Structures are given as C-alpha cells and as structure tokens.
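1. Sequence first, then the predicted structure:
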Amino acid sequence: MIIKDIVVANVEAPLITPFKTALRTVHSIQNIAVYVHTDDGQIGIGEAAPTAVITGETRGSILYAIEEYIKPAIKGMDIEDIAQIMYRLNQCIYQNTSAKAAVDMAIYDLYAKRYNAPLYQLLGGYRKELVTDITISVNDKEEMVKDSLAAVERGFTILKVKVGKDPLGDVERVRAIREAVGPHITLRVDANQGWTAKQAVRIIGTLEDADTNIQLVEQPVHYSDLAGMQYVTKHTLTNILADESVFSPKDALTIIEKRAADLINIKLMKTGGIYQAKKICQIAEANDIECMIGCMLETKISVSAAAHFAAAEKNITMIDLDGPSLCMKDPIHGGPIFDKEKISMTDAVGIGFSL
Ligand SMILES: C[C@H](N)C(=O)N[C@@H](CCC(=O)O)C(=O)O
Ligand SMILES: [Mg+2]
C-alpha cells in the first residue's frame with residue numbers, strides 16, 4: 001500500500017448554538033478533510049480544525065503545510081512502515097499540529113484497513129463504549145442554566161462548563177448551574193486560560209466551600225504560566241487539568257515534573273495525531289496521571305479517530321468528544337455511533353467510514 005496522493009476538501013457544519021469560550025466565539029465548523037490515496041485504490045480519511053487561538057493554525061496554514069511539506073515528505077512510502085511515516089511527518093515541519101493530525105489519522109485509517117481490523121482494536125482495544133460530556137458555552141448565568149438544563153434533557157449526564165471571560169461572575173454561574181441540574185450531574189469547569197493564578201485559587205476555593213462538587217477545573221491560567229498552574233494545583237483541592245499547556249510528550253513531562261496539574265487533556269489537534277498522543281498517554285500512565293481525550297470544534301471525522309484512540313487506552317478516563325453533538329446535523333456517515341452521550345465502537349475496519 002504505497003501513498004500516492006493527499007487530497008483536501010472543505011468540511012462545514014453549522015452549530016446548534018454559538019460556541020463561546022474565553023478565547024473565541026464560533027457559529028459554524030469550517031474544517032479541512034484530508035484523503036490519503038494509496039496505489040491499490042484505498043483511501044484513508046482525516047480532518048484538521050484551524051484553531052488559531054490555540055494551535056496558531058489557520059485554513060491557509062494547514063493547506064500550505066500539507067501541500068508543501070507533508071505531502072513531499074511521505075509520498076511514495078509504504079503504509080506498513082508506519083513508524084517511518086510518522087517520523088517523517090513529525091520532522092518535516094515544526095508545530096502545525098492539526099495539519100499533521102489530519103494526515104496521521106488518515107494513515108492510521110489505512111493501516112487498520114491493511115490489517116482488516118477496526119482501528120481501536122489494532123491500537124489495543126480496551127473498551128467498546130465511551131461516555132462524553134457536552135460543552136455549555138460561557139454566557140450570562142441565566143442562559144447557561146437554560147443550556148445546561150437543555151443538555152440534561154437531551155440525555156447528557158456530564159457538563160463541561162465554560163468560564164473565564166468574566167471572572168467576577170464565574171462562581172455564580174457555576175453555583176446556579178449546580179443548583180438547577182441537581183447533585184447527580186457531573187460538572188467540569190474549563191476556564192480556557194481566563195483567570196490569573198490568584199483569581200483561580202479564590203474562585204475554586206469558593207466553589208469548594210459552596211459544595212458545588214466540581215470534578216475538575218481545566219486550564220485555569222495562561223498556557224505558558226506553568227508557575228501559575230503549579231500554584232493553583234498546590235492551593236486547591238479540586239483536580240486541575242492541563243489543556244492548552246500540553247501539546248507534546250515533552251510538555252506532558254514538564255507538567256508532571258513540576259506537579260503543575262493533576263490531569264492532562266490530550267487532543268489530536270494539539271499532539272499532531274494518534275502517534276504522539278499515545279506517547280503522552282503512556283508517560284502520564286507511568287506517572288499515575290489520568291488523561292482526558294478532548295477535541296476542538298471538529299466533525300465526526302476527526303472525533304471518530306479520537307474515539308478509536310480513547311477506546312484503546314485504559315488511562316483515558318474522561319471523554320470530551322462533543323464536536324458532533326454541537327452540530328445541527330451530522331454531515332458524515334459511518335464510523336463509531338454517537339447517540340446522545342454514548343459513543344459506541346463498531347466492527348467496521350479502519351476508522352469505519354465507507355467512502
Ligand atoms: C469542543 C470541546 N468540548 C472543547 O471545549 N474544546 C476546547 C476548545 C476548542 C475550541 O476552541 O475549538 C477546550 O478548551 O477544551
Ligand atoms: Mg479546554
């Protein structure tokens with residue numbers, strides 16, 4: 001199975017409601033689908049999400065990186081030589097992790113097809129079902145309560161509540177949501193770098209004193225403020241999860257060595273795909289740090305690749321793969337089944353799309 005060509009296309013999916021975090025507001029997913037063609041007529045599929053505020057990538061930079069750097073680096077290689085392909089993919093250009101992720105997952109799709117197996121089984125096959133949370137965008141308190149109740153009504157039992165845009169009102173937002181949804185819904189809080197370290201300690205401490213029972217707080221401070229992450233982790237009881245601070249295996253090691261977080265959020269768009277994601281997960285597991293699998297605003301193409309990876313890894317104990325649930329309709333057919341909060345792997349080979 002020799003790589004013959006890499007072709008790209010647009011993937012668009014309007015969102016049910018605007019997606020709002022401390023970093024950005026988005027109305028519609030506008031991503032890039034990647035098709036890797038082999039000489040025997042097989043096609044592997046992947047997706048890149050241009051998330052300029054997190055990875056620094058735009059649609060233009062992704063298209064350019066694939067066309068000018070990635071394609072020349074891996075064209076003509078045999079899918080069986082997957083470690084060599086991954087080496088070249090990761091060496092041919094610095095960063096550009098979403099462009100790399102799209103190609104990495106398409107290569108894994110082909111690799112699993114080569115061995116006639118569902119990807120999650122080829123990667124280790126730890127479980128067949130996952131339960132995802134769903135994001136509640138940051139808005140005024142009343143709107144967030146309404147959105148939280150609607151999400152629970154839709155069948156979700158884990159909510160990821162976005163804060164960090166207006167630190168002074170964040171305690172009240174989370175308290176109001178807890179009061180409205182009751183004690184049996186799991187609440188995760190994601191500040192997307194929106195607090196200072198001292199604000200974070202104050203806000204999280206107040207939420208602890210108010211018995212809001214928050215499962216974790218994600219990326220409280222700026223991604224580069226590791227001293228701040230360390231300070232928050234040390235001075236709060238709630239688990240702190242590093243997201244934007246961890247892209248690479250080296251970043252994971254640094255966070256672990258500095259005890260700058262209790263948990264790590266792995267996203268294929270940050271790691272450059274499954275190959276590097278596995279390394280982070282294993283480094284974390286060796287250090288007793290559990291991981292979340294997360295996503296950017298992505299459709300079912302790349303979220304499915306992430307689901308296969310998560311299904312294979314015991315150390316991924318939290319799932320934030322809500323991209324498809326945020327879309328008005330699912331433009332993609334096949335792959336794992338997304339039914340409310342449940343994601344079920346199937347026996348289809350590769351990632352599972354029929355092209
Ligand atoms: C979509 C997912 N639940 C999520 O919140 N992901 C990111 C933000 C992604 C984006 O801005 O596209 C996160 O911070 O965890
Ligand atoms: Mg996050």
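-> Good, I have the coordinates. Ligands and ions are numbered 1, 2, ... in the order given.
2. Only C-alpha atoms from now on, for both contacts and neighbour counts.
-> Will do.
3. Any figure for the gap between residue 285 and residue 318?
-> Here residue 285 is placed at a distance of 14 Å from residue 318 (C-alpha to C-alpha, to the nearest Å).
4. Actually, residue 183.
-> Here the criterion is C-alpha to C-alpha. By it, residue 183 lies 19 Å from residue 318.
5. Of the two, which one has the most company?
-> Neighbour totals were compared for residue 183 and residue 318, and residue 318 leads with 19 against 12 (other C-alpha atoms under 10 Å).
6. give me every residue that touches that one.
-> Shown in contact with residue 318 (C-alpha atoms under 8 Å, 6 or more residues apart in numbering): 132, 291, 292, 293.
7. go with 7 Å
-> Counting by C-alpha atoms under 7 Å, 6 or more residues apart in numbering, residue 318 makes contact with 291, 292, 293.
8. Could you verify that it is part of a strand?
-> Yes - residue state for residue 318 (DSSP: H, G, I helix; E, B strand; the rest coil) corresponds to a strand.
9. Report pLDDT for it.
-> At residue 318, the model reports a pLDDT of 98.
10. what bridges to it?
-> Beta bridges link residue 318 to residue 292, judged by DSSP bridges.
11. what's the distance between it and residue 289?
-> Per C-alpha to C-alpha, residue 318 is found 12 Å from residue 289.
12. ok, back up a step: ok, so of the contacts of residue 318, who is nearest residue 179?
-> Nearest to residue 179, judged by C-alpha to C-alpha, of the contacts of residue 318 is residue 292 at 25.7 Å.
13. my guess is the closest one contacts residue 266, does it?
-> Yes - if you go by C-alpha atoms under 7 Å, residue 292 and residue 266 touch, sitting 6.0 Å apart.
14. More neighbours: the two, which one.
-> residue 266 (32 against 22).
15. at contact distance from ligand 1, anything in the strand or helix carrying the more buried one?
-> Using DSSP states H and E, residue 266 maps to strand 263-267. No - using C-alpha under 6 Å from any ligand atom, strand 263-267 never reaches ligand 1; the gap is at least 7.8 Å.
16. about what we covered before: overlap in contacts of residue 292 and residue 266?
-> None of the residues lies in contact with both residue 292 and residue 266 under the rule C-alpha under 7 Å, 6+ apart.
17. Enumerate the residues of this structure near ligand 1.
-> Residues of the chain that fall close to ligand 1, judged by C-alpha under 6 Å from any ligand atom: 51, 135, 192, 295, 296, 297, 320, 322, 323.
18. pLDDT wise, what is residue 344 at?
-> So, for residue 344, pLDDT stands at 98.
19. Just want to check the distance between whichever residue of the stretch 151-300 of the chain sits closest to ligand 1 and residue 20.
-> Residue of the stretch 151-300 of the chain nearest ligand 1, by C-alpha to the nearest ligand atom: residue 296 (3.7 Å). Counting by C-alpha to C-alpha, the gap from residue 296 to residue 20 is 12 Å.
20. Give me the more crowded residue out of those two.
-> Neighbour count, other C-alpha under 10 Å: between residue 296 and residue 20, residue 296 has more, with 22 against 18.
21. ok, now which ones touch that one?
-> By C-alpha under 7 Å, 6+ apart, the neighbours of residue 296 are residue 49.
22. Next, give phi and psi for residue 255.
-> When read as degrees, to the nearest 10, the backbone of residue 255 gives phi -60, psi -40.
23. residues touching it, list them.
-> Applying C-alpha under 7 Å, 6+ apart to residue 255 gives the contacts residue 261.
24. can you check residue 157 too?
-> Neighbouring residues of residue 157 by C-alpha under 7 Å, 6+ apart: 185, 186.
25. And the pLDDT for it?
-> The per-residue pLDDT reported for residue 157 equals 98.
26. thinking again about what came up before, for the strand holding residue 266, packing partners?
-> strand 239-242, strand 291-294 (3 or more C-alpha pairs under 7 Å, 6 or more residues apart in numbering; DSSP states H and E).
27. If you count neighbours, what's buried in the lengthiest strand in the chain?
-> Longest strand of the chain, by residue count under DSSP state E: strand 3-20. By 16 or more other C-alpha atoms under 10 Å, the buried positions in strand 3-20 come out as 3, 4, 5, 6, 8, 11, 12, 13, 14, 15, 19, 20.
28. Nearest residue to the first one in space, please, no chain neighbours.
-> Computed as C-alpha to C-alpha, 6 or more residues apart in numbering, the closest residue to residue 3 that is not its neighbour in sequence is residue 38, at 4.4 Å.
29. And the one you found, how far from residue 50?
-> 26 Å.
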